[in-house]
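In: Whatever this is, show me its structure:
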Amino acid sequence: MARDKIIIANAGGFWGDDPTAAQRQVEGGPIDYLVMDYLAEITMAILQKHKSRNPEAGFATDFVMQLAAVLPACLERGITVIANAGGVNPLACRAAVEALAEQQGVASKLRVGVILGDDIYGDLDSILESGEALANLDNGAPLSQIRDKVLSANAYLGAAPVAKALEMGANVIIAGRVTDTAVTLGPMIHEFGWKDDEWDRLATGIIAGHIIECGTQCTGGNFTDWKKVPSFSKIGYPLVEAHPDGTFVITKHPGTGGLVTSHTVGEQLLYEMGTPSYLAPDCVAHFDSIRLDQEGPDRVRVSEIRGDPPPEKLKVSVSFAQGYSIVGRLMISGPNSLEKASKAAEIFWGMAGGRDFYERTSTSFIGWNACHPPLSEYDPSETLVQVGARDADRAKLDTRFGPFVIAGALGSVPGLTAPGDQGRPRSSPVIGYWPALISRDKVRVTVHVGDAEEEVSMAVPSGQPGGAVPPQAAGSRTTYVDVGAEAAQGGPQVTVPLGRLCLARSGDKGDTSNVGVIARTPAVYKWVLQNLTTDFMKDRFAGLCEGSVERHELPNLLSVNFLLHEALGGGGTLSVRFDAQGKTYAQYLLATPVTVDQGLLDQIGD
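Out: Numbers count the residues shown, from 1 in each chain. Model prediction:
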């Protein structure tokens, strides 16, 4: 018989997140599932390198460290642990967990489930020979062009194998590259008996997983209105209280720091978002159908989510060697620091062969314009110059760039020093990211629990593959606010930062930065639709965004989501910019001066 509620607790949003999170979630109150996300695209390549050097490596070792603090309690209380900590070596991760259980005297209670099949690195040649081009989703180039440089290749798996491992009795589940949302959706499928073609309910799990996958970013972390957060001390990690009908509540343990409101949840919904149709291996979840309601203090109910059949193919993340990069820094202080910093950079580049000598370069002034164009007209009292370059020729970086960061110090501007721990900069390998698609029947997924092994089909269960909102469904999406509300007229015209009218959060997908904007009132939303155009964004991010700008409207969330293409200098490790992931872009946008009627501000209040 299906349960009427389960509590899923997130305990980490990336490899390196708070190592005490799992213990705090287990000890903070009742939970049924503890889920953790460790993997990013670049992480897979790093783990593949670790495995090539040591066959027992290749997984997120932090997982075992966190598990050590909670494993006996989880097994005693019936809390199931699910994580994609397996990286490229889930079996080695299983061995480490089993060794830990032996040390803690709880091995008899442990049943580890392992999900295999996402790692297609060893099968790449046969896959390519079968006719799968694994073409780059950004430029259409076939993978064969860089086959000799490939470091890792992983298909994104969904929640079906997670649910299968639960069905087989696992109480600790270790996966490789399942999607960030799969660890949350899997328990819902298992506990509530959802069918694999109940698209609306499956979409519920996708949305819940997206909200909590970045940990405290939905409980007050990185929040625009950060001054409203009562305390950041021991900030509460998120809990999902999920119900069989496809509704759920986002909350946190009592007595913890942080804040859960429709705005903290709404900002996270927009984080790293593309179009309103979120494509996952399990279904397509429609962000333009979500309803958020503040149910009480630190409780936000999420409902009315709609879904459609999943895409025809699975996404594949391929990493490959793409040259080398190097960075150096100099501190300039005293009067006219910015002018002197510009001259110091000019002197350096002259000694290093010039900026055209390298494939890609960057000069930024930390404290002035390192993350985005300057917000002030006033010279800072000190400026940290950062120079960077990327090139296929490693020797060029190490002999022409690295030695000259400090070499010109005695013949440069006054007030110059260097970070004490910098030394002579050395180059490091750059890992490129290659997104592609693969036919579902090329990916064989198996689940192992004890001596049992079961295969899980990746085929679309029934119905036509999805990928977009059907025309007849798009018009039926419910809007929960009066977006036709008129902005209040009258009163003087006033100029304020955009942040008085809106909240925002930004993130990255490759070389594209998304900037999601939330209007504070329905009237402000109408103003946003009229004024925050793609041309406005292109102009605001001049010098940063080299490509086109898309705008997607989500009236149910009083939001618009902008996609700024070619805005991150290559993105990820390819970029030599200080902010390679667009983390600061939302704050830069909210600092934009805008002129509006005082009546519009009066509607917002404090």
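
In: which stretches of the stretch 501-606 of the chain form helices?
Out: 522-531, 534-540, 585-590, 598-604 (DSSP state H, counting those that start in this stretch).

In: Mind giving me the packing neighbours of the longest one?
Out: So that's helix 522-531. Packing partners of helix 522-531 (3 or more CB pairs under 8 Å, 6 or more residues apart in numbering; DSSP states H and E): strand 512-519, strand 559-564, helix 598-604. For every residue, glycine as well, the C-beta is placed using N, CA and C.

In: now these as TSV including mean neighbour count and distance to T261?
Out: Below are these laid out as TSV (neighbours: other CB atoms under 10 Å; distance: least, CB to CB, whole Å):
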stretch	mean neighbour count	distance to T261
strand 512-519	26	11
strand 559-564	25	15
helix 598-604	16	15
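
In: Going by mean pLDDT, which of the ones you listed comes out lowest?
Out: Ranked by mean pLDDT, the helices and strands packed on helix 522-531 end with helix 598-604 in last place, scoring a mean of 90.

In: so which helix or strand takes in S152?
Out: strand 150-155 (DSSP states H and E).

In: And that strand, how far out from the chain middle?
Out: From the chain centre to the centre of strand 150-155 is a distance of 19 Å (CA atoms, centre = their mean, to the nearest Å).

In: what residues does that strand touch?
Out: 44-45, 47-49, 88, 117-121, 124, 134, 143, 176-177, 314-321, 431, 434, 438, 443 (CB atoms under 8 Å, 6 or more residues apart in numbering).

In: From the residues you listed, which land in strands?
Out: Counted as lying in strands by DSSP state E, out of the contacts of strand 150-155, are L314, K315, V316, S317, V318, S319, F320, A321, I431, W434, I438.

In: Max pairwise distance over those: which two?
Out: Across the ones in strands among the contacts of strand 150-155, no pair lies farther apart than L314 and A321, at 24.1 Å, counting by CB to CB.

In: And these two? Which one has more around it.
Out: L314 (22 against 16; other CB atoms under 10 Å).

In: what's the helix or strand for G131?
Out: Counting by DSSP H and E, G131 is held by no secondary-structure element, helix or strand.

In: measure it to Q587 for me?
Out: 46 Å (CB to CB, to the nearest Å).

In: what about the two, which has more around it?
Out: Neighbour tally, G131 and Q587, criterion other CB under 10 Å: the higher count belongs to Q587, 17 against 8.

In: what's the spacing between that one and P142?
Out: From Q587 over to P142 the distance is 39 Å, taken as CB to CB.

In: Repeat that for D37.
Out: 31 Å.

In: show me the contacts for the residue of the chain most remote from its centre.
Out: Note on the chain: the largest C-alpha distance from the chain mean falls to G411, namely 43.7 Å (CA atoms, centre = their mean). By CB under 8 Å, 6+ apart, G411 lies in contact with I347.

In: For A321, name its beta-bridge partners.
Out: I431 (DSSP bridges).

In: you'd agree it is up against P429?
Out: Yes: using CB atoms under 8 Å, A321 is in contact with P429, at 6.3 Å.
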